[in-house]
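Asker: Take a look and give me a structure for this.
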Amino acid sequence: MTPKVKLVIGVLYPDTNHLAWVHEKLESRFGSMERVLSGIPFDHTDYYKDIAPKLYRGFVSFKGLFDAGELADWKKATCEIEKQSGLSRKVNIDPGYIDGARLVLASTKDHAHRIYLRDGIFAEVTLRYVKKSWRPYEHSFPDFASGLYNSFLDTVRLDWLRDVRKLKKG
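Answerer: Numbers count the residues shown, from 1 in each chain. Okay, here's the model as predicted:
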């Protein structure tokens, strides 16, 4: 049986109009959003300066549980949404999931710490949950390693625990 997880999606965006557009596209594809975090200045790296000189980070999670085995499909879908954002993309969208022990993110970029899934999509465990806190790895993105998003991730993890308990009660 495929593990059941909480779908969580990180978004880099230049302004609230682009964020609202992304939210609409994501809800159309994945269903109702459960949690939203937005407006966090993204200044830990200039890697995405091709999108806009000033970016913000946001996250959304979705109601219900999803099959972890669909991660590659989620990434392919979000890449399509990125392409729809303009001639040169105006947003960056990174899907992943949370369960009781980890935050996993999908990527189209290979690296030593990433595992190939299929169709040009890789997975990476970005953070692990140990002793009641999120812990980074040496490869974790600086903004994730900083702990900036831990409160949001904690809440989504609690949502996962609640939904898994409901599923087991059946």
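
Asker: partners of V5 in the sheet?
Answerer: F66 (DSSP bridges).

Asker: cool, and Y116?
Answerer: Legend: beta-bridge partners of Y116 under DSSP bridges are F122.

Asker: quick one: low-confidence parts of this structure?
Answerer: Judged by pLDDT under 70, the chain has no weakly predicted residues.

Asker: again, only this time at 80
Answerer: Counting by pLDDT under 80, the chain has low-confidence residues at 1, 44-49, 87, 170.

Asker: Nearest the geometric middle of it, what residue?
Answerer: Among the residues of the chain, the one closest to the centroid is I9, at 2.9 Å (CA atoms, centre = their mean).

Asker: Do I have it right that that residue meets A77?
Answerer: No - contact between I9 and A77 fails when scored by CB atoms under 8 Å: they sit 10.0 Å apart. The way it works is simple: take the backbone N, C-alpha and C, and place the C-beta from them, glycine included.

Asker: anything in contact with each of these two?
Answerer: P95 (CB atoms under 8 Å, 6 or more residues apart in numbering).

Asker: start to end distance for stretch 57-75?
Answerer: End-to-end distance of stretch 57-75: 18 Å, with CA to CA, to the nearest Å as the criterion.

Asker: For that stretch, list every residue counted as buried.
Answerer: Of the residues in stretch 57-75, those buried by neighbour count under the rule 16 or more other CB atoms under 10 Å are 57-62, 65-66, 71-75.

Asker: got the contact list for R114?
Answerer: S107, F122, A123, E124.

Asker: next one: phi and psi at it?
Answerer: When quoted as degrees, to the nearest 10, the phi and psi of R114 stand at phi -110, psi 150.

Asker: got it, and R135?
Answerer: Backbone geometry at R135, expressed as degrees, to the nearest 10, gives phi -120, psi 130.

Asker: The residue lying closest to it once chain neighbours are set aside: neighbour count?
Answerer: Ranked by CB to CB, 6 or more residues apart in numbering and with sequence neighbours excluded, the top spatial neighbour of R135 is R128, at 5.3 Å. Counted by other CB atoms under 10 Å, the residues lying close to R128 total 14.

Asker: Please name the residues that touch R128.
Answerer: Counted by CB under 8 Å, 6+ apart, R128 has contacts A101, R102, L103, W134, R135, Y137.
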